[in-house]
Each structure stands twice: as C-alpha cells, then as structure tokens.
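> Sequence unavailable; structure follows:
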C-alpha cells in the first residue's frame, strides 16, 4: 500500500476505484466497503484508492464538545488498511478551511481532477462536503456530469451487520469487550511504550509493564481488569491488564498496566501491543496489599482459563 499525505504527489493510476471516510476502527462495516472496492478493481483491472482525513473532522470542528475518543490511531488504521489490501491511501489534512469545500468542489477538484475516479463506492448514509451536503442522492442526480460510476453499500447490508464506530465506543466504555470485538472482527488493541512505574506490583509477585499510550485521543476502555494478549518483539504472551487509578495504593493518576504470564526479562522502553480479550472485573480498593495479591492470583487463574 502506498501512502500519500495530500494529493500533490498522487500519480495517475489505472481505473481508480475510490471510497472515502474516516474509517475509525476499520470495523466490519468498513471491511464490507473495502472488500467491495477490491472486487470491483479486480474486475476492471483497476486499483483501490481510499481517501481519509486526519485529524478526525469532529476533533477539528467541535473541539470544545465532549472530547471524542477514537478507536484507532493513524498508525493503527494504516496497518489495518494495509492488511485489507488497499493499493493507495490518501490522507487529506482536515482543517477548518478544508471543511468549507462544497460537495461539488470535492467531487470536481479531488475525485475528478486529482484522482480521475472510475468508480466511487460509499457506505449507506455517507455524506461529504460543507455541512455534509453531499449525499448518495446528490451524486446520483449529477452522475451524468462526472464521468464515473457510483455504488452505495445498501442500507440492508449495513443494517444486517448492525455495526458502527459509535456502538463500539459505547461497548468499550462499558467494558463490553465481547461486543466490541465482535463488531471489529478482531480484538481491540492498545499500543504504547513501556515506562518505569512505582514497581509496587513487583513487590507482591505481580510485576507489571506500565504502558504509556502516546495519543490522548485514543479510547481507553472502562477501568477494570482484563484478560489480554500482549505482543512484544514479535512474540505473543498471555497476560492480564489493569486500567485505573490503583485505589489500594492511593493512586491519583490513571494507568494502564499489564502483567505478562511466563515472561522473563526487561520490558522498559519496548513497544507493546495489547489485545483485549475479556473483561474480568471492576477496579476496586482492597484493605491492604496482601488482599490485593490474593485477588490478583484469582484474576490470573481466571484469565488463563479464558485465554
């Protein structure tokens, strides 16, 4: 997959089959669109082109609202799109100025002039352009002017899956990992750098990797304990994860900490990927470290059985 920041360096490609959107999470609904544009491209000897926007439009247009948390960082989204076989990924910097582009200007300047779109595929109820004025009906009514074919993933197809980024966010915020993962078609992941913590876990026989998540817009699921898998240096480990303020030790700041089963060695300064598999319990305050240790032993036993 070739990645372009903006449109200036995008070359002419044969029969571009195009879709556009934020594709946050690259969930099952998005995957249906990606599968369809690959099918079309194969049938007409074309190449797939995905136009996405960064930052997420809502982060730019409504910065003072309840802060939106995203399911995927740009790096995570790029990795997923590569896995799904997209040929070209165009990232358009989303600014307030860009948001003023009308749907007609978007079609003419981007889809027609810059990309030379052969076929455009959009999801049900997808809109674009200033004030989201561009709809499938608008495109259909003016399709004779544009010189490219148009296809919409039907409402029936979308409703059949019943998935949306909003539903996934809501599930994660409730700790409903099973629902979130079923909508994503894979485990929800967190990526970060292992940094030095207070080493309290080590003192009770449960050393943890304190994970710094560098992007503050990344959605961190509900506080609690999870059964997870962790990937470090290309190797997978069964593990459990705690998200929260660590009330037993009077913690004042939210942390994300993983205890990797059967791991020996130093994790500091290593990149780690956490794949959430199941929610075990809410975070709680224990009387003392001995009581916490006893509960962690129970958590570990249950996590191992689930994993």
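That came through fine. Keep in mind that what you see is a predicted model, and the values were worked out from it rather than measured.

> need the contact list for residue 277.
Residues in contact with residue 277, defined by C-beta atoms under 8 Å, 6 or more residues apart in numbering, are 177, 181, 187, 226, 227, 228, 229, 306, 307. To be clear about C-beta, it is placed using only N, CA and C from the backbone, and glycine gets the same treatment.

> is the residue nearest to the last one when sequence neighbours are not counted in a bridge, and if so with what?
What it means is residue 307. What sits nearest to residue 307 in space, not counting adjacent residues and going by C-beta to C-beta, 6 or more residues apart in numbering, is residue 238, at 4.6 Å. Beta-bridge partners recorded for residue 238 (DSSP bridges): residue 229.

> Surely residue 238 touches residue 305?
No. In this structure, residue 238 is not within contact of residue 305 by C-beta atoms under 8 Å, at 10.6 Å.

> what about these two, which has more around it?
residue 238 (18 against 8; other C-beta atoms under 10 Å).

> how about the strands of the chain, start to end?
Using DSSP state E, the strands of the chain run over 2-5, 16-20, 47-54, 88-93, 119-122, 149-152, 188-195, 209-212, 224-232, 235-244, 255-260, 271-281.

> Out of these, which is the most enclosed?
Counting by mean count of other C-beta atoms under 10 Å, strand 16-20 has the highest mean neighbour count of the strands of the chain, with a mean of 24.

> circling back: just give me the closest of the contacts of residue 277 to residue 165.
Closest approach to residue 165 among the contacts of residue 277 (C-beta to C-beta): residue 181, at 14.1 Å.

> related to what we said a few turns ago, mind picking the one among the contacts of residue 277 that's closest to residue 29?
Using C-beta to C-beta, residue 181 comes nearest to residue 29 of the contacts of residue 277, at 14.7 Å.

> Name all residues that make contact with the closest one.
Neighbour list for residue 181: 187, 188, 276, 277 [criterion: C-beta under 8 Å, 6+ apart].

> go on, residue 171?
Residue 171 makes contact with 177, 179, 180, 183, according to C-beta under 8 Å, 6+ apart.

> One more: residue 172?
Taking C-beta under 8 Å, 6+ apart, we find residue 172 in contact with 71, 180, 188, 219, 221, 222.

> quick revisit: can you tell me which of the contacts of residue 171 comes closest to residue 234?
Nearest to residue 234 among the contacts of residue 171: residue 177, at 24.2 Å, using C-beta to C-beta.

> the helices in the stretch 51-200 of the chain, which residues?
57-61, 74-83, 103-105, 136-141, 143-146, 155-161, 165-173, 177-184, 200-203 (DSSP state H, counting those that start in this stretch).

> Make TSV out of these and add mean pLDDT.
Below are the helices of the stretch 51-200 of the chain laid out as TSV (pLDDT from 0 to 100):
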stretch	mean pLDDT
helix 57-61	84
helix 74-83	96
helix 103-105	87
helix 136-141	79
helix 143-146	79
helix 155-161	55
helix 165-173	95
helix 177-184	96
helix 200-203	70
